[in-house]
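> Sharing a sequence plus its predicted fold:
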Amino acid sequence: MKRIFVVFLLLVLGLAVYRAFHKAPFGQNRIGDVERPQSVSAFYLKHSPETLHTANSVTAIVVNFRGFDTLGEVTVLFLAATGLASILYRRKEEEEATEKAHLPGRIQLPSSTLVRTGAKILFPLILMLGIYVFVHGHLTPGGGFQGGSIIATGFLLMFITYKRFNVNHNVLIWLESLSGLAFVLTGIYGLISYGSFLQNTGWTGRLNDLISGGLIPLIYIFIGIKVGTELTNVLDTLLHTKPRRHE
Amino acid sequence: MSNYQEIISQYRPLLEIIVYGSAVALILVGLYAVLVKKHLVKVVIGLSLIDSGVNLLFVGVGYVTNHTAPIFSPGYENAADRMVDPVPQALVLTAIVIGFAVTALALSLVIRLYRHHKTANVEQLNRLRW
């Protein structure tokens, strides 16, 4: 009975949402004239190649036009990782009690040779792809967040293949903090030299060069390192519920 | 190329139903899971389904028929008037990351509850004291 009621309610809601979006027809051009911009999208499409010389205008929006928003977003990600670690934190005695209760049910089979060899070959390639994606964030589809996620999937592969694979936490935390700090420092550099936080430099290079777009590739590299280390940290916290035995 | 574009414009109403319809369907399936399911992990899965539905709706609204991706790669330097809306794509990029953070935090809360009560089923969580 309850389920029928819920399904009915959801159908009404779905119809309402669909009708609302039906009034914004699919595929209609709502950008307007790019040369004389009336909408914010047209402004971005005009100034991304002309002023910033950045090929990927989504990157130009995320890192330059709305860079302050991205700084907040990175902070949210950092807070989520910190909150995760603090919620999953366990005291030593609590840990030992659950270890005893859960030990027989746990699967501790090692991975097969095929999986281990394949992971060893794939891991550096995945890291390389991730670094490529965030270095070319201003030229190709992709960027810091995507490249960082790709790097984290490489670490996930290693975590689930090798039960004893351990990452150095100090290195992760230092990399993450330094890249976050570098992001803020680039913002302050813009504030000092050009009078506005996260302001781009005057020199932006040529369109479609690897070194172009001023501070945009630099900031996206920092974001890539930060997101990669942060997601690796989250995966490590979630997978290794056992605390490290440090005597 | 022009043949492909003709086909696209011919089936535009169908495309609208497919894109908007699947986005709304994803949101509804996620809401159903949140409202009806008893297992907390399934509720979290429902939340992330709602996320994907909303993101798909955003990108769908930003699409313009026969236009390309908003990237000025070689050969497309002067194609600014033939590009789809970049703003929803940038917003969705932000929303995906925030969605990841929300999912991770919710899952960690579920893990914590499971450790304490030895169950993640809402109906069996009747002793709500620590």
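Cool, got the structure. Here the structure is a predicted model, which is why all the values come from computation and not from measurement.
> all strands for chain A, in order.
Assigned by DSSP state E, chain A shows no strands.
> And the residue nearest the centre of it?
Centroid-nearest residue in chain A: A:F145, 3.0 Å away (criterion: Cα atoms, centre = their mean).
> Tell me who's in contact with that residue.
Taking Cβ atoms under 8 Å, 6 or more residues apart in numbering or on different chains, we find A:F145 in contact with A:I223, A:G224, A:V227, B:L93, B:I96, B:V97. For the C-beta atoms, the positions are set from N, CA and C on the backbone; glycine is no exception.
> now the first one: how far from chain B?
The reference is to A:I223. Distance, A:I223 to chain B, using Cβ to the nearest Cβ, to the nearest Å: 10 Å.
> Can you mark which positions in the host helix or strand of B:L26 are buried?
For B:L26, the enclosing helix or strand under DSSP states H and E is helix B:12-36. Neighbour counts over helix B:12-36 (16 or more other Cβ atoms under 10 Å in any protein chain shown) mark B:15-16, B:19-20, B:23-24, B:26-35 as buried.
> Is any residue of the longest helix belonging to chain A near chain B?
If you go by DSSP state H, chain A has its longest helix at helix A:169-194. No: Helix A:169-194 stays clear of chain B (Cβ under 8 Å from any Cβ of the partner chain), getting no nearer than 14.5 Å.
> Helix, strand, or coil at B:V87?
Classification of B:V87 by DSSP: H, G, I helix; E, B strand; the rest coil places it in helix.
> Enumerate every residue touching it.
Contact analysis of B:V87 by Cβ under 8 Å, 6+ apart lists A:V40, A:S41, A:Y44, A:I61, B:G62.
> In stretch B:60-67, which residues are buried?
Residues of stretch B:60-67 classed as buried by neighbour count (16+ other Cβ under 10 Å): B:G60, B:V61, B:G62, B:Y63, B:V64, B:N66, B:H67.
> what two of those are the furthest from one another?
Farthest pair in the buried residues of stretch B:60-67 (Cβ to Cβ) is B:V61 and B:N66. Separation: 16.5 Å.
> A:I225 versus the residue nearest to the centre of chain A, what's the distance?
12 Å (Cβ to Cβ, to the nearest Å).
> How about A:V17?
According to Cβ to Cβ, A:V17 and A:I225 sit 39 Å apart.
> Same question for B:N55.
According to Cβ to Cβ, B:N55 stands 25 Å off from A:I225.
> and those two? which has more neighbours close in?
Neighbours were counted for B:N55 and for A:I225 using other Cβ atoms under 10 Å in any protein chain shown; A:I225 has more, 23 against 20.
> can you tell me the distance between the two ends of stretch B:29-49?
Stretch B:29-49 has an end-to-end distance of 7 Å (criterion: Cα to Cα, to the nearest Å).
> check whether that stretch contacts chain A.
Yes: Stretch B:29-49 reaches chain A (Cβ under 8 Å from any Cβ) through B:L31, B:Y32, B:L35, B:V36.
> Which residue is the nearest non-sequential neighbour of the residue most central in space within chain B?
Computing the C-alpha centroid of chain B and ranking residues by Cα atoms, centre = their mean puts B:S52 first, at 1.2 Å. Distance criterion Cβ to Cβ, 6 or more residues apart in numbering or on different chains; nearest residue to B:S52, sequence neighbours excluded, is B:L26 at 5.6 Å.
> For the one you found, give its distance to chain A.
Applying Cβ to the nearest Cβ, the value for B:L26 to chain A is 10 Å.
> Next up, the contacts around that residue.
Counting by Cβ under 8 Å, 6+ apart, B:L26 makes contact with B:L49, B:I50, B:S52, B:G53, B:L56.
> separation between it and B:L47?
12 Å.
> pLDDT value on B:V29, please?
As predicted, B:V29 sits at a pLDDT of 95.
> And A:A55, by the same measure?
Among the per-residue scores, A:A55 shows a pLDDT of 91.
> which stretches of chain B form helices?
Using DSSP H, the helices assigned to chain B run over residues B:2-10, B:12-36, B:40-62, B:86-117.
> Reformat these into JSON lines and put distance to A:A81 next to each item.
Converted to JSON lines, these look like this (distance: least, Cβ to Cβ, whole Å):
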{"stretch": "helix B:2-10", "distance to A:A81": "42"}
{"stretch": "helix B:12-36", "distance to A:A81": "24"}
{"stretch": "helix B:40-62", "distance to A:A81": "17"}
{"stretch": "helix B:86-117", "distance to A:A81": "8"}
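> Quick check: which of those helices is nearest to A:G180?
Closest to A:G180 of the helices of chain B is helix B:86-117 (Cβ to Cβ; 14.5 Å).
> could you give the angle of that closest one to helix B:40-62?
Counting by axes from the mean of the first three to the mean of the last three Cα atoms, to 10 degrees, helix B:86-117 lies at 180 degrees to helix B:40-62.
> Show me how far helix B:86-117 is from its chain's centre.
Distance of helix B:86-117 from its chain centroid, counting by Cα atoms, centre = their mean, to the nearest Å, is 12 Å.
> same check, this time on stretch A:145-158
10 Å.
> What are the buried residues along it?
By neighbour count with 16+ other Cβ under 10 Å, stretch A:145-158 contains the buried residues A:145-152, A:154-158.
> again with stretch A:209-226
The neighbour-count check on stretch A:209-226 (16+ other Cβ under 10 Å) flags A:212-226 as buried.
> Closest one of these to chain B?
Of all the buried residues of stretch A:209-226, chain B sits closest to A:I223, with 10.0 Å by Cβ to the nearest Cβ.
> which ones are touching the closest one?
A:V63, A:T70, A:V74, A:F134, A:G143, A:G144, A:F145, A:G148, A:S179, A:F183.
> and the third one, how many residues sit next to it?
Read that as A:V74. By other Cβ under 10 Å, the residues close to A:V74 number 22.
> A:F183 is in contact with that one, correct?
Yes: A:V74 lies in contact with A:F183 (Cβ atoms under 8 Å); the separation is 6.8 Å.
> Name the residues contacting each of the two.
By Cβ under 8 Å, 6+ apart, A:V74 and A:F183 have these common neighbours: A:I223, A:K226.
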